[in-house]
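Student: can't give you the sequence, but here's the structure:
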C-alpha cells in the first residue's frame, strides 16, 4: 500500500515513486486525510495533505481511500475501544474535515476559529460540514457545550 500522510518534504521523486508503486504493483492508495491547508505563523496557510493526495490521485488516476478525517473509521474504533457512545463526544477542530469527521461518526462538532476556517466559512457550510458550535478560541469552550 501507498499511505499518504502529511510530509513537508514531499517531492517530485516521492510523487513518481508513489505513482510507480500504485501503477506497477497495484498498490492500494490510502490517505490519512484530505486537509487542503494547514495554519502556520503570521496567519499564513500552506498546502496540506489533501494537496499531496490530489497530486498522487491525478498521477495514478486512482482515488485514495481515506482512513483519517473525514472518514469515521478511526473515530469509530476509538469509541468502540473506550465504550463511549458517539452522542457523548464533542470533537473540536479548526477546519471542515474535523467537523465532517465528527458528524460522520455520530458525534457533535465544535469549530474553533484559531486555525484554517473563518466565521464566514462556518456560516456557509451545510450538511455534515456545518459545526454544532463555533468558538473564537478553545478557551471559549464552556461546560454547557459538553452536554
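Tutor: Structure received. Just so you know, these numbers come straight off a predicted model, no measurement behind them.

Student: ok, residue 45 to residue 143 distance?
Tutor: 32 Å (C-beta to C-beta, to the nearest Å). No exception for glycine: its C-beta is placed from N, CA and C like everyone else's.

Student: wait, residue 118
Tutor: Counting by C-beta to C-beta - residue 118 and residue 143 are separated by 26 Å.

Student: tell me which of those two has more neighbours.
Tutor: Neighbour count, other C-beta atoms under 10 Å: between residue 118 and residue 143, residue 118 has more, with 11 against 6.

Student: show me what the lowest-mean-pLDDT helix or strand in the chain is packed up against.
Tutor: Taking mean pLDDT, DSSP states H and E as the measure, the chain has strand 37-39 as its least confident helix or strand, at a mean of 82. With contacts taken as 3 or more C-beta pairs under 8 Å, 6 or more residues apart in numbering; DSSP states H and E, strand 37-39 sits against strand 45-47.

Student: the strand it packs on pairs with which strands, parallel or anti?
Tutor: Sheet pairing of strand 45-47 (DSSP bridges) gives strand 37-39 (antiparallel).

Student: contacts for the strand it pairs with, please.
Tutor: Contacts with strand 37-39, where a contact means C-beta atoms under 8 Å, 6 or more residues apart in numbering, come from 6, 45-48, 50, 94-95, 114-116.

Student: ranges for the helices of the protein?
Tutor: 12-25, 49-60, 73-82, 96-104, 119-124 (DSSP state H).

Student: for the first one, buried residues please.
Tutor: Judged by neighbour count (16 or more other C-beta atoms under 10 Å), helix 12-25 contains these buried residues: 15, 18-19, 21-22.

Student: mind checking how far it is from the chain centre?
Tutor: Centroid separation for helix 12-25 versus its chain: 23 Å, with C-alpha atoms, centre = their mean, to the nearest Å.

Student: got the end-to-end distance for stretch 8-16?
Tutor: 16 Å (C-alpha to C-alpha, to the nearest Å).

Student: stretch 119-130 too?
Tutor: Per C-alpha to C-alpha, the first residue of stretch 119-130 is 11 Å away from its last.

Student: so which residues make contact with it?
Tutor: 70, 96, 99-100, 103-104, 111, 113, 131, 134.

Student: try it again with 6 Å
Tutor: With contact meaning C-beta atoms under 6 Å, 6 or more residues apart in numbering, stretch 119-130 is reached by 96, 99-100, 103, 111, 131, 134.
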